[in-house]
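Enquirer: quick one, structure for this:
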Amino acid sequence: MDYTHHYSSPLGAITMASDGDALIGLWFDGQKYFADTLSSDFREEPLNAFDETVRWLDLYFSGKAPDFLPALNPRGTAFRRTVWDILLTISYGQTMTYGEVAALAAKRLGRPRMSAQAAGSAVGHNPISLIIPCHRVIGSDGSLTGYAGGLERKARLLGLEQGIRQKA
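Expert: Modelled structure (predicted):
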């Protein structure tokens, strides 16, 4: 059984999901791959995992770098989980390119190399947006590419982290 909770953010409604112990999903409503790792058997229920996530989101959207992570248990292949673990190393206000993510993933997996496209696919299927910071991954030329929540949101999230206030 999975559980859901809703959050109203300055960038739109968010649905979060939990397995009862940890966060398994966090999506902007309607984003690409919305709730694709959520089981069909779920119900809305208050949980400690949601309380911690709301606390994290409140800090984040107030322009502060949260100094903790709620318990996370993203559902995905070992490869995707490796990439998502790399994303968790990207500090608030910093970015990394898809190529850099791919190089780190290849090293962790003991491979000589990996394509940026393979890493990009895993980044794009991140089921826990914001907290696993896929919005911090950019193109090799510094361009904002490939965000399931939309490029406008990606720009606003990166702006928030760099102290740039943008109009709603």
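Enquirer: contacts only, for the residue nearest to Leu87 when sequence neighbours are not counted.
Expert: Leaving out its chain neighbours, the residue that sits closest to Leu87 by Cβ to Cβ, 6 or more residues apart in numbering is Ile132, at 5.1 Å. All C-beta atoms are positioned from the backbone trio N, CA, C, and that covers glycine. Residues in contact with Ile132 (Cβ atoms under 8 Å, 6 or more residues apart in numbering) are Leu72, Pro74, Trp84, Leu87, Leu88, Asn126.
Enquirer: buried members of the residues you listed into PyMOL, please.
Expert: Here is the PyMOL command that selects the buried residues among these (16 or more other Cβ atoms under 10 Å):
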select buried, resi 72+74+84+87+126
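Enquirer: and of the contacts of Ile132, the nearest to Arg108?
Expert: Trp84 (11.7 Å; Cβ to Cβ).
Enquirer: distance of the residue nearest to Leu87 relative to Ala71?
Expert: 13 Å (Cβ to Cβ, to the nearest Å).
Enquirer: Gly120 now?
Expert: For Gly120, the distance to Ala71 - Cβ to Cβ - is 27 Å.
Enquirer: comparing these two, which residue is more hemmed in?
Expert: Gly120 (20 against 14; other Cβ atoms under 10 Å).
Enquirer: that one: what secondary structure?
Expert: helix (DSSP: H, G, I helix; E, B strand; the rest coil).
Enquirer: ok, for it, nearest residue in space, not its chain neighbours?
Expert: Gly120 sits nearest to Tyr98 (Cβ to Cβ, 6+ apart), 4.8 Å away.
Enquirer: isn't the one you found up against Gly142?
Expert: No. Shown here, Tyr98 and Gly142 do not form a contact pair, counting by Cβ atoms under 8 Å, at 11.8 Å.
Enquirer: which one's more surrounded, the two?
Expert: Tyr98 (24 against 9).
Enquirer: closest to the centroid, which residue in this structure?
Expert: Centroid-nearest residue in the chain: Ser129, 2.4 Å away (criterion: Cα atoms, centre = their mean).
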